[in-house]
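Colleague: have a look; sequence and predicted model below, questions after that.
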Amino acid sequence: MSHVFHRNPKMDLPTAVGGQGMELIDSNGKRYIDASGGAAVSSLGHGHPRVIKAIQDQVAQLAYAHTSFFTTQVSEDLADLLAAAAPGDLNHVYFVSGGSEAVEAALKLARQYFVEIGQPQRRHMIARRQSYHGNTLGALAIGGNAWRREPFLPLLVQAHHVSPCFAYRERLDGETDSAYAQRLADELEAKILELGPDTVAAFVAETVVGATAGAVPPVADYFKRIRAVCDKYGVLLILDEVMSGMGRTGYLFACEEDGVVPDLVTIAKGLGGGYQPIGATLCTDRIYDAIVGGSGFFQHGHTYIGHATACAAALAVQQTIVDDGLLDNVRARGEQLRGELRAALGDHPNVGDIRGRGLFVGVELVADRATKATLDPARKTHAKFKARAKDNGLLLYPMGGTVDGVRGDHVLLAPPFIASPADIGRIVDRFAQTLNDVLPR
């Protein structure tokens, strides 16, 4: 009997014993192509010598020093790198240990900002249906993932939700990208007016929707229109790039592609590439200056913020992405992955949509391509797909409830940035094999 409390205690898991590049290896010697990077985490794959050495060197020098007493050079260097790369004046970096903590910090910082500037009535947070922002209670409260929220609803603070930007499912017939984006911006404005413009603190959105709906990118100038609405009413824009950021879409910050600068942005997963737990919240000069010029103290913190070893790992990951030109590879291999998936599966009766940006790709499975009718949720197709793919030596990130938390199935792919053209071909071959095993033509 295992004494580890696993998320799914009834599941008999193999034991991972090693990782090399694109592959993970279990105790029986079986190799798996890690085509999802765990949960879109392993941006450099496994066993990268530069990152391992950086961790070893940092531990030998200094593993940890509490940030109430000290800063460390490695955290300063990592913050400098991120601030230089971030769009606009996102110049201030608050390090945490993961994505949920990053979102929690962003929510509290947004609230404290308004307290500091004399607008304490701003308390409402607006997010989108079918979103996911983390599993801590604050992050879960603003998230729109119905299945994750339901058991904990009595514990969650009030949040408000508007429609996602989900063109495949929610754009009207004949509606242009521009008209669709404007309709969604108008919906956000209506929600702000309904709540009272001077009571809304922030709008929170994933730049590219991750696990809940499967790599859904925004259309046209959606975020520019959202930014304009937020600015009109003094509402902060928080972009959640925990899954889509740090190069996953082919840009270090996914919002660069959309030409917008949020007031706060959250990052994690690809920041440290899985080599150490780390996340961060970045904020603009305006928010930082309000804290410094006001109370002078951000009323928030965790024991392991700014952890030296975690920062050393992340710094090595980010330097490798730059030095090895991996963002170019992400864009090229992403085009290849979507193109080869469409060539191999585009006429499959159960493939409804193939979408994404960079090496952040979603395949939505349907009962009927023409009507977009979902598969029967009772079949748990996503779970069968994951299990069969694993048997075939392919690790993927499928989920159910794509449409409304109950109906819909999709598969998320997020291979490491080091993927070669041959690696992408192997992923597509095994994906096609799995699809035909689970949903024969």
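Modeller: Yes, it's here.

Colleague: domain parsing for this protein?
Modeller: Using automatic domain parsing, the domain parsing of the chain gives 16-48+325-438, 52-323.

Colleague: do you know which of those domains lies nearest Arg7?
Modeller: Arg7 lies closest, by CB to CB, to one member of the domains of the chain: domain 52-323, at 10.6 Å. Glycine gets a C-beta too; all of them are placed from N, C-alpha and C.

Colleague: the closest one - what's its average pLDDT?
Modeller: Here domain 52-323 scores 97 as its mean pLDDT.

Colleague: for the one helix or strand Arg426 maps to, buried residues please.
Modeller: Secondary structure from DSSP states H and E places Arg426 in helix 421-438. Neighbour-count burial for helix 421-438 flags 423-424, 426-428, 430-435, 438 (criterion: 16 or more other CB atoms under 10 Å).

Colleague: any chance of the residues you listed in JSON lines, plus pLDDT and distance to Val157?
Modeller: Listed next are those as JSON lines, based on pLDDT from 0 to 100; distance: CB to CB, whole Å:
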{"residue": "Asp423", "pLDDT": "98", "distance to Val157": "44"}
{"residue": "Ile424", "pLDDT": "98", "distance to Val157": "43"}
{"residue": "Arg426", "pLDDT": "98", "distance to Val157": "46"}
{"residue": "Ile427", "pLDDT": "98", "distance to Val157": "41"}
{"residue": "Val428", "pLDDT": "98", "distance to Val157": "43"}
{"residue": "Arg430", "pLDDT": "98", "distance to Val157": "43"}
{"residue": "Phe431", "pLDDT": "98", "distance to Val157": "40"}
{"residue": "Ala432", "pLDDT": "98", "distance to Val157": "45"}
{"residue": "Gln433", "pLDDT": "98", "distance to Val157": "45"}
{"residue": "Thr434", "pLDDT": "98", "distance to Val157": "40"}
{"residue": "Leu435", "pLDDT": "98", "distance to Val157": "41"}
{"residue": "Val438", "pLDDT": "97", "distance to Val157": "40"}
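
Colleague: helices along the stretch 251-400 of the chain, start to end?
Modeller: Using DSSP state H, counting those that start in this stretch, the helices of the stretch 251-400 of the chain run over residues 285-293, 308-323, 326-345, 381-391.

Colleague: elements contacting the shortest one?
Modeller: Using 3 or more CB pairs under 8 Å, 6 or more residues apart in numbering; DSSP states H and E as the contact test, the elements touching helix 285-293 are strand 92-96, helix 99-116.

Colleague: can you redo the ones you listed as a markdown table with mean neighbour count and distance to Ala414?
Modeller: As requested, the helices and strands packed on helix 285-293 are exported to a markdown table (neighbours: other CB atoms under 10 Å; distance: least, CB to CB, whole Å):
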| stretch | mean neighbour count | distance to Ala414 |
| --- | --- | --- |
| strand 92-96 | 23 | 21 |
| helix 99-116 | 24 | 14 |
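
Colleague: now do the contacts for the spatially most central residue of the chain.
Modeller: Among the residues of the chain, Met243 comes closest to the average C-alpha position under CA atoms, centre = their mean, at 1.8 Å. Neighbouring residues of Met243 by CB atoms under 8 Å, 6 or more residues apart in numbering: 39-40, 99, 206, 208, 210-211, 269, 360, 414.

Colleague: quick check, pLDDT for the closest residue to His6 other than its chain neighbours.
Modeller: Leaving aside its sequence neighbours, His6 sits nearest to Leu13 (CB to CB, 6 or more residues apart in numbering; 6.7 Å). With respect to pLDDT, Leu13 scores 92.

Colleague: wait, Val363 touches Gly346, no?
Modeller: No. Applying CB atoms under 8 Å, one finds Val363 not in contact with Gly346, separated by 10.5 Å.

Colleague: give me the common contacts of the two.
Modeller: Ile354.

Colleague: tilt between the helix holding Arg426 and helix 326-345?
Modeller: For helix 421-438 against helix 326-345, the angle by axes from the mean of the first three to the mean of the last three CA atoms, to 10 degrees is 40 degrees.
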